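# Need a 3D model of the sequence below.
(one chain, ligands or ions: 1)
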Amino acid sequence: MVAFYYKYKSFFLLLLAGVFFLSFKIAKTTNIAISNLRCEYLKNPLGIDNVNPHLSWELSSSERGTRQTAYQIMVSGDSLQLKNDQGDMWSTGKVKSDETKQIIYKGKPLLSGKVYYWKVRIWDEAGKISNWSGIQYWSMGLLKKEDWVAKWIGLDTIYPITAQDKYIVPPSPLLRKEFDITKKIRRATLYATALGLYQVYLNGKKVGDHLLAPEWTDYSKRVQYQTYDVTPMLNSNENVIGAMLADGWYSGALWSHFYRGRYGYNRRLLVQLHIEYADGSSDTICSDGSWEILKDGPVREASIFGGEVYDERYDPTGWMKPGFNVTCWKKVFVDTAISIPLNAQMNQPIKVVKEIKPVNVFELKKNKYQLNTYIFDMGQNMAGWVRLNLPYNPGMKITLRYAEMLNDDSTLYTENLRNAKPVDILIPGKEDRIQYEPKFTYHGFRYVEISGLSRPPALSEITGKVIASASPIVSNLETSDKDLNQLWKNILWTQLGNMYGIPTDCPQRDERCGWMGDAQVFSQTAIYNMDMEAFYRKWFRDIRDEQTIDGQFPNYAPYVTEGLRYYDAPGWVDAGVIIPWKAYLNYGNKAILANNFKAMCKFIDYTYDTNPTLIRTNEVGQNYGDWLNGNTIKASDYPTKGGSVPKDLFNTAYFAYSATLLAKACKVLDKTQQFKHYDSLAQAIRNAFVQKFISNDGTIEGNTQAGYALALEFDLVPPELKAKAVKHMVDAVKAYDDRISTGIHTTERLMNQLSENGYSNIAYKLLESHRFPSWMYSIDQGATTIWERWDGYVKGRGFQDYDMNSFNHYAIGSVGEWMYKHILGIQPDEKAPGYHHFFIKPVPGGMLKWATGTYHSVVGKIGVSWRKEGDGFTYEIEIPVNSTATLVLPTEKRITESGVAVEKAKGIDFLGRKDGATTLLLQSGKYDFKF
Ligand code: BGC
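Next up is the predicted model:
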């Protein structure tokens with residue numbers, strides 16, 4: 001053996017050294033993994049225009065109690081250099097910080113059109129360093145006005161002559177240009193936008209997966225442009241760039257402006273293609289006077305509310321190919337009068353986010369005028385359109401009509417669509433197979449009627465394309481109750497149906513506006529469901545764009561009404577303060593507050609100036625109050641009075657709440673002077689509220705469920721009256737025989753306040769009830785999305801008033817917030833925003849035997865599962881790295897974690913037992929509790 005050792009001595013020594021080196025290395029490296037790197041809240045965004053972008057990442061680890069104590073970021077314009085650890089644009093060195101999100105880039109100036117690569121590594125709580133993350137990137141947009149050399153192009157300028165002209169939608173023009181490439185391409189980037197909607201094609205293929213771009217903004221103030229990497233789409237010799245234009249929100253009819261031209265009649269295209277060659281040289285191809293245009297493209301008519309008529313016979317064969325004969329085309333008109341500011345699109349684009357197949361098809365025998373009419377049931381109320389894929393060509397006009405519901409005779413129920421006419425018509429051309437989907441419209445529907453086919457269609461021949469802003473879905477929730485699971489799905493589907501660059505109220509009727517009251521009450525649910533940070537940033541700017549000089553906010557944004565003013569409605573306009581605050585609370589991003597701060601102050605100043613008595617009675621616009629409260633329900637066996645909270649009370653409660661949030665925002669932003677002012681204003685409004693609306697016995701004027709819910713939720717009830725007010729709230733529910741009488745503003749707030757004050761049993765009762773009016777009632781009627789009204793459809797009575805009867809309206813789906821906050825128990829902490837610390841307070845109740853769910857917060861995944869087991873419970877909890885959570889378990893019994901008493905378990909601080917609950921502080925990691 002000794003001889004053996006000497007023979008191989010050097011090998012042994014080497015092995016020893018290796019083991020030593022390896023263990024040294026292992027000891028030095030943390031096992032925390034870095035993922036989900038984002039720039040400006042987006043993954044690898046192209047064409048951003050913030051020259052100091054925000055960088056974020058997430059951490060995960062299988063161990064408990066892991067934390068980041070420092071980070072290092074490197075940025076380079078060259079991915080190879082970065083791979084070799086050279087951050088020529090920015091290298092932060094080791095920065096002592098536990099922050100993982102919204103780190104502001106402070107490197108060398110970022111240049112127009114350039115791509116930047118970045119990576120990050122971190123140090124953990126023991127000072128151990130991580131590996132470098134994978135390399136991610138972003139690219140800059142065209143930052144300066146001079147960077148835009150492209151010209152706005154289109155058809156000759158027209159103006160409607162007669163009043164009737166305003167209703168006639170002209171065909172979509174086709175635009176094209178040929179160009180040659182003679183050198184090897186390194187990278188090609190296309191920047192595009194339009195006044196109207198556009199689709200751009202390179203060599204016959206659509207550029208990018210954006211749909212309905214550019215999304216709705218106040219086009220009189222700004223339009224967003226989109227950036228695409230088109231490197232693989234270019235040919236090495238002859239190329240053709242083509243485009244189509246349509247009305248969209250710019251030229252098309254809009255709610256309260258039911259004819260063309262709210263922003264302009266003339267659709268325009270702006271395109272700039274940058275080609276960088278391998279030899280370092282570059283070329284720019286842009287929209288200019290050299291392009292050709294054809295007035296009559298195959299899209300004969302398209303509008304958001306009116307569907308699309310597509311006539312393939314007008315599709316000039318080969319127009320997207322080089323060498324196409326353009327004799328019937330003419331040169332474009334170059335519009336030099338346009339000076340609208342361009343902003344990079346920094347929110348997730350609208351695109352196809354899901355595809356679904358129909359669940360049923362039947363022939364509509366009723367229609368004696370039109371033979372061969374079939375109705376497809378998509379099985380899901382949705383927003384988007386359908387794609388036809390028919391392996392036969394009837395050579396006949398095919399008509400698609402859309403509706404959310406069916407009448408009793410199985411025909412489409414379309415009355416609730418009001419002036420929207422969701423009809424897509426396809427007139428087939430020469431192809432012997434039909435593959436068609438619309439481009440420049442969208443519909444809210446579950447049922448699709450199709451007529452004009454030569455034979456009965458098969459289920460496989462149509463596909464539902466669900467179209468929405470592609471903000472990631474960040475959660476899931478499942479319980480032992482299948483109806484509750486359906487409710488959760490309905491809420492998510494309703495959100496998906498109403499994210500079109502702005503949060504719309506509904507996707508089907510002639511409205512589809514960014515109503516701020518609805519968005520406000522739904523905002524916390526929206527944030528639990530989807531990553532809303534980039535989406536809201538865009539929409540907050542839309543809201544600010546509509547604020548008047550003296551501080552008034554509109555009731556909806558972008559704002560289009562001419563004549564009548566839709567401004568000032570309390571509960572709607574307050575969204576300008578409330579949603580930015582909610583976004584800050586959840587994302588921990590001070591920039592959200594900073595960007596909106598001036599607008600928030602102006603709004604509160606204006607409300608105060610016009611309401612010096614602090615009771616908000618003046619400048620209240622349409623004064624909607626608690627919209628769609630119980631008094632609006634039409635049904636026998638339901639009270640006709642008693643649901644509506646007095647409007648002065650409702651309005652003043654919102655005033656107090658908004659002023660309080662503004663004071664909090666001042667504090668976050670270190671605005672000491674302004675804090676003093678708004679804090680004392682908020683206090684004064686609260687006092688005025690108490691004096692005017694709350695009696696000494698805790699009753700609140702009107703004695704409505706809504707009044708108590710609002711006052712308690714906005715913290716307006718003095719501590720000494722709180723118990724009494726809660727009791728009155730509970731009695732107000734009893735007075736309705738354990739049914740809801742609240743409107744869109746107070747339903748979630750009632751649920752929340754019941755739970756906050758120890759009455760989760762009542763909240764569960766309301767949630768699980770199948771009796772009308774209730775969420776489950778709608779589910780029993782087959783709802784797959786949230787209805788605008790509790791009584792949208794009532795068995796025996798039929799549909800509500802057609803004028804306002806959407807079946808895809810998220811406001812009362814705000815109960816999703818309650819489900820996350822009280823079933824899973826996940827709640828953000830105002831003292832540590834952005835889930836740096838948060839609460840988990842699940843309250844098992846009702847008929848539930850188990851619940852499980854995750855929420856992917858801005859710092860990573862949170863998981864909660866609980867299950868009743870005999871007399872006891874199990875709880876599985878997951879806390880993301882770099883975060884801590886206060887867990888409140890509903891027992892004073894002995895609790896174990898992975899078999900060990902919680903008092904001794906690793907990663908847990910025992911905080912105490914009191915009032916039937918045990919409170920624990922959890923470090924990051926996974927836990928398994930039993931009691
Ligand atoms: C919308 C609502 C909105 C309301 C204002 C309606 O037409 O659909 O959801 O909040 O107008 O009252």
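
# Who are the contact partners of K893?
Counting by C-beta atoms under 8 Å, 6 or more residues apart in numbering, K893 touches 872, 931. C-betas here are computed from N, CA, C, even on glycine.

# which bits of the stretch 401-550 of the chain sit near the ligand?
505-506, 511, 515, 517-518 (C-beta under 6 Å from any ligand atom).

# Same list, the residues you listed, but as JSON lines with pLDDT please.
Output for these, formatted as JSON lines (pLDDT from 0 to 100):
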{"residue": "D505", "pLDDT": "98"}
{"residue": "C506", "pLDDT": "98"}
{"residue": "E511", "pLDDT": "97"}
{"residue": "W515", "pLDDT": "98"}
{"residue": "G517", "pLDDT": "98"}
{"residue": "D518", "pLDDT": "98"}
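
# Just the buried positions in the lengthiest strand in the chain, please.
Taking DSSP state E as the criterion, the chain has its longest strand at strand 373-390. By neighbour count with 16 or more other C-beta atoms under 10 Å, strand 373-390 contains the buried residues 373-376, 378, 380-388, 390.

# so what does the next helix or strand after it touch, helix or strand wise?
Going down the chain from strand 373-390, the next helix or strand is strand 398-403, by DSSP states H and E. Counting contacts by 3 or more C-beta pairs under 8 Å, 6 or more residues apart in numbering; DSSP states H and E, strand 398-403 packs against strand 373-390, strand 412-413, strand 423-427, strand 443-451.

# Quick one: mean pLDDT over the first one.
Summarised as a single mean, pLDDT over strand 373-390 is 97.

# returning to that earlier point: of the helices and strands packed on strand 398-403, which is nearest I826?
Closest of these to I826 is strand 373-390, at 26.8 Å (criterion: C-beta to C-beta).

# Out of the residues of the stretch 401-550 of the chain next to the ligand, list just those in helices.
Those of these mapping onto helices are 517-518, per DSSP state H.

# Look up the closest residue to the residue nearest the centre of the chain, ignoring the ones flanking it.
Most central in the chain under C-alpha atoms, centre = their mean is M532, positioned 4.6 Å from the mean C-alpha point. Ranked by C-beta to C-beta, 6 or more residues apart in numbering and with sequence neighbours excluded, the top spatial neighbour of M532 is A526, at 5.5 Å.

# where's that neighbour relative to E533, distance?
Here the distance between A526 and E533 works out to 11 Å (C-beta to C-beta, to the nearest Å).

# More neighbours: which of the two?
Shown here are A526 and E533; by other C-beta atoms under 10 Å, A526 has more neighbours (29 against 25).

# which other helices and strands contact the helix or strand harbouring the more buried one?
Assessed by DSSP H and E, A526 sits inside helix 516-529. Under the contact definition 3+ C-beta pairs under 8 Å, 6+ apart, helix 516-529 sits against helix 482-496, helix 575-587, helix 747-756, helix 815-818.

# Dump those helices to JSON lines, plus mean pLDDT and mean neighbour count.
Listed next are these as JSON lines, based on pLDDT from 0 to 100; neighbours: other C-beta atoms under 10 Å:
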{"stretch": "helix 482-496", "mean pLDDT": "98", "mean neighbour count": "22"}
{"stretch": "helix 575-587", "mean pLDDT": "98", "mean neighbour count": "25"}
{"stretch": "helix 747-756", "mean pLDDT": "98", "mean neighbour count": "24"}
{"stretch": "helix 815-818", "mean pLDDT": "98", "mean neighbour count": "24"}
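
# Show me which residues of the stretch 801-931 of the chain are close to the ligand?
804, 809.

# Which one of the residues in the stretch 301-450 of the chain is closest to the ligand?
Minimum separation of the stretch 301-450 of the chain from the ligand (C-beta to the nearest ligand atom) falls at R418, amounting to 10.0 Å.

# and that residue, what is it in contact with?
509-511, 802-803.

# what's the most distant pair in these?
Across these (C-beta to C-beta), the longest gap, 13.2 Å, separates E511 and Y802.

# Have a look at those two and say which one is more surrounded.
Between E511 and Y802, counting by other C-beta under 10 Å, E511 is the more crowded of the two (22 against 13).

# Can you name the residues bridging to T479?
Taking DSSP bridges, one obtains A851 as the residues bridged to T479.

# Please list all residues in contact with it.
By C-beta under 8 Å, 6+ apart, the neighbours of T479 are 485, 823, 848, 850-852.

# quick one: pLDDT of it?
Looking at T479, the pLDDT reads 98.

# ditto for T29
Looking at T29, the pLDDT reads 89.

# What residues does it make contact with?
Contacts for T29 (C-beta under 8 Å, 6+ apart) come out as 128-131.

# Specify the beta-bridge partners of it.
I129.

# if I look at it, how far off is the ligand?
Going from T29 to the ligand by C-beta to the nearest ligand atom, to the nearest Å gives 54 Å.

# Likewise for K538?
20 Å.

# do the same with P109
From P109 to the ligand the distance is 44 Å (C-beta to the nearest ligand atom).

# Read off the pLDDT value for the nearest residue to that residue once chain neighbours are set aside.
Excluding its sequence neighbours, the residue lying closest to P109 (C-beta to C-beta, 6+ apart) is V51, at 6.9 Å. pLDDT recorded at V51 is 97.

# Is V51 located within a strand, as I assumed?
No. Counting by DSSP: H, G, I helix; E, B strand; the rest coil, V51 falls outside a strand, being coil.

# need the contact list for it.
So V51 contacts 109-110, 140, 143 (C-beta under 8 Å, 6+ apart).

# Of those, select the buried ones using a PyMOL command.
Burial among those is assessed by 16+ other C-beta under 10 Å; the matching PyMOL selection reads:
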select buried, resi 110+140+143
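
# Make CSV out of the contacts of V51 and add secondary structure and pLDDT.
Formatted as CSV, the contacts of V51 follow (DSSP: H, G, I helix; E, B strand; the rest coil; pLDDT from 0 to 100):
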residue, secondary structure, pLDDT
P109, coil, 98
L110, coil, 98
M140, strand, 98
L143, coil, 96
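
# Near the residue in the stretch 651-800 of the chain that the ligand sits nearest to, how many other residues are there?
Taking C-beta to the nearest ligand atom as the measure, the stretch 651-800 of the chain has E788 as its residue closest to the ligand, at 6.5 Å. Counted with other C-beta under 10 Å, the neighbours of E788 add up to 25.

# which one is it nearest to, not counting chain neighbours?
H809 (3.6 Å).

# hang on, that neighbour packs against C506?
Yes. Between H809 and C506 there is a contact under C-beta atoms under 8 Å: 5.1 Å.

# residues bridging contact with the two, i.e. touching both?
498, 788.

# Determine how far the last residue of stretch 635-655 lies from the first.
33 Å (C-alpha to C-alpha, to the nearest Å).

# what about that stretch, average pLDDT?
pLDDT averaged over stretch 635-655 gives 95.

# quick one: buried residues of it?
Those would be 638, 642-655, for stretch 635-655 by 16+ other C-beta under 10 Å.

# is that stretch up against the ligand anywhere?
No. Taking C-beta under 6 Å from any ligand atom as the criterion, stretch 635-655 and the ligand are apart, separated by no less than 12.9 Å.

# chain center to stretch 745-753: distance?
22 Å (C-alpha atoms, centre = their mean, to the nearest Å).

# where exactly do the strands run in the stretch 701-850 of the chain?
Using DSSP state E, counting those that start in this stretch, the strands of the stretch 701-850 of the chain run over residues 793-794, 798-799, 826-828, 837-840, 850-857.

# How about the stretch 51-200 of the chain?
Under the criterion DSSP E, counting those that start in this stretch, strands of the stretch 51-200 of the chain are mapped to 54-60, 68-76, 90-91, 95-96, 103-104, 115-124, 136-139, 153-154, 174-180, 185-195, 197-202.

# where does this structure dip in pLDDT?
By pLDDT under 70, the low-scoring segments of the chain are 1-27, 366-371.

# Let me see the contact set for P554.
516, 543, 546-547, 566-567, 573.

# Repeat that for P173.
Contacts of P173 by C-beta under 8 Å, 6+ apart are 154-155, 244-245, 267, 293-297.
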